[in-house]
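Asker: Task: produce atomic coordinates for the following.
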Amino acid sequence: MILTIAVHPFIQQIISYTAKETHDGFAQLPTAITLNSTDLDFQAYSEFGAPQYYTDVTLTGAIYNGLFSLPATAFNVTASCSSPKCMWPSYRTLAVCSSCQDISDSLVVTNAHVNLTGFSEVLLPTFRLPNNLSLEEYPGNPPFVDNYIQTVMQFTNRGGNADSSTGFISGQQDSVFSSVAYKDRGSAIGGLFSISNDSRAIECLFQYCVKQHTAVYLNGTLYETITSTWTNNSVPARSWEVVEDVGEPQFTLKPPDQGDIFLVDHVAHIALMNTFASLSNGNVTLDFVGLISLEPIITYTSDVTKQLYNTMNNASMEAMEELMGRVADSLTLAFRSRPGFVNIAGTAVSDITVVQIEWFWMIMPLTLLLLALVFLIIVIINTRRTSVEVWKSNTLATLYHGLDESAIAGLGLLSRIDHMEDASEGLLVRLHVGEKGWRLAADQSMGRDGRFGSVGDESSSF
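Answerer: You can find the predicted model right below:
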């Protein structure tokens, strides 16, 4: 009985249901291998008889998207996946990386006495970096004594060293300043200097890099994880080589641990740097109308300058790094979404339910069934040997079993059910108390009319 109670849990364990992933369909994810000017609609303007290249609307818009996007914005590419889940274990792409560093310790502050009207003097500070980039406060145009302008912050593009092989200097000629914090960074696009009149200075750098990812596409959303980032910081800031198949200078990135080569076209690189330079140059000024004014008028060179000022002035250094990171991520998305991208094949995964039979759990139920069968066979054999009738639900056997021996002896042969049924039709028994307790005894006092006569002992009849 105890073993029988445990049968049901065993039967429940016989069939198991497991989820299994099958590879079915297709999965593609765009990556950037090259940034080629032939695939992009670069704009060329002639300056001093030579073309000056700028990026097209898409790449310029990518810079704006990064600058004016909300914090924690995800710049994800569009993946193609034929099932609810796709996976890409590892892939690399050409990207843009950014970094920022506080260079306030490099600022040198000097003060100059300036006579505004001939009757009064003001002390005007100058904040200067080692590369001669400076922020100067200056008065308004005389003789308007009540008009005083204070330059609060200045932003400018940083360039790199001249390339001796081409004579090209990165960035625009009138805004090239050598780096203070990133002197030996290779594959540099350009950067940004920010100087404020509270003795703060920041330098940010943008450079080409190679990022390694893993990705999962799940129910319509792509999740990319950066596993490693490689930047070319072991060579000078400019490293060009002529690729024979192209016949033009290419900016080459070769990560040492794998054979992929990532290329940036010479014209595309110049265009991207020029666009950075044109957007990042500017300043923020405070115009005090009256020397005792408490509400100065703030003037911004551009919306970009305003965004940079608000981030640096009202937030932390981490916020500035995050803003530059969003610009880099937005540009990387533009690289991977433009013509010339390469699709990386992934694995499309579908989930199916597998029904399995665990044969081990059938040992106990089968054992119980076998034992029950053996017990049934033994019962059949013993019944046959002793000529015991198959009584099933018939109660005659029980009644005859309780009858006293003298009554049974007078009934004749009772080995079969039909014999017992025939004998029971003319048999009347009475329950009485004898020497052995209550027993069934044949009633000898029943008359021919079927009624009982009186007896002397205490008894009951039926």
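Asker: and A442, what are its bridge partners?
Answerer: When bridges are called by DSSP bridges, A442 pairs up with V429.
Asker: do you know how far N232 is from N219?
Answerer: Applying CB to CB, to the nearest Å, the value for N232 to N219 is 38 Å. (Each C-beta comes from the backbone N, C-alpha and C, glycine too.)
Asker: For these two, indicate the residue with more neighbours.
Answerer: Using other CB atoms under 10 Å, the more surrounded residue of N232 and N219 is N232, with 22 against 7.
Asker: any idea which residue sits dead centre in this structure?
Answerer: Nearest to the mean C-alpha position of the chain, by CA atoms, centre = their mean, lies Y223 at 4.6 Å.
Asker: Surely it touches A215?
Answerer: Yes. At 6.6 Å, Y223 counts as touching A215 under the criterion of CB atoms under 8 Å.
Asker: Got the confidence number for the residue nearest to the centre of the chain?
Answerer: Per-residue pLDDT puts Y223 at 93.
Asker: Surely it is in a strand?
Answerer: Yes. Membership of Y223 in a strand is supported by DSSP: H, G, I helix; E, B strand; the rest coil.
Asker: measure it to K211 for me?
Answerer: According to CB to CB, Y223 and K211 sit 15 Å apart.
Asker: How about V96?
Answerer: 9 Å.
Asker: now swap in Y309 and tell me
Answerer: Applying CB to CB to Y309 and K211 gives a distance of 30 Å.
Asker: Which residue ranges of the chain form helices?
Answerer: Counting by DSSP state H, the chain has helices at residues 2-5, 7-14, 57-68, 266-280, 303-314, 317-337, 363-385, 396-401, 405-409, 417-425.
Asker: Tell me which residues are up against the third one.
Answerer: Residues from elsewhere that reach helix 57-68 (CB atoms under 8 Å, 6 or more residues apart in numbering): 40-41, 54, 75, 271-272, 275-276, 279, 303-304, 307-308, 323, 326-331, 333-334, 338.
Asker: Show me how to select, in PyMOL, the buried members of those residues.
Answerer: Buried residues within the contacts of helix 57-68, by 16 or more other CB atoms under 10 Å, are selected in PyMOL with:
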select buried, resi 40+54+75+271+272+275+276+279+304+308+323+326+327+328+329+330+331+333+334+338
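Asker: By mean pLDDT, flag the weakest helix or strand of this protein.
Answerer: Lowest by mean pLDDT, DSSP states H and E among the helices and strands of the chain is strand 459-461, with a mean of 45.
Asker: coming back round to it: could you pull up the residues touching the residue nearest to the centre of the chain?
Answerer: A215, V216, Y217.
Asker: where does the stretch 251-400 of the chain dip in pLDDT?
Answerer: Across the stretch 251-400 of the chain, the ranges flagged by pLDDT under 70 are 287-296, 315, 388-393, 397.
Asker: If we use 90, what do you get?
Answerer: 251-320, 338-343, 347-369, 371-372, 379-400 (pLDDT under 90).
Asker: Same check on the stretch 101-250 of the chain?
Answerer: Residue ranges of the stretch 101-250 of the chain with pLDDT under 90: 104, 107-205, 207, 218-220, 231-250.
Asker: circling back to that earlier point, who has more neighbours out of V96 and K211?
Answerer: More neighbours surround V96 than the other of V96 and K211, with 26 against 21 (other CB under 10 Å).
Asker: in stretch 12-31, what counts as buried?
Answerer: Residues of stretch 12-31 classed as buried: A27, Q28, L29, P30, T31 (neighbour count, 16+ other CB under 10 Å).
Asker: Touching, the third one and W88? I think so.
Answerer: Yes. In terms of CB under 8 Å, L29 counts as a neighbour of W88; the distance is 5.5 Å.
Asker: Could you pull out the residues contacting both of these two?
Answerer: Taking CB under 8 Å, 6+ apart as the contact rule, L29 and W88 both touch A215, I344, G346.
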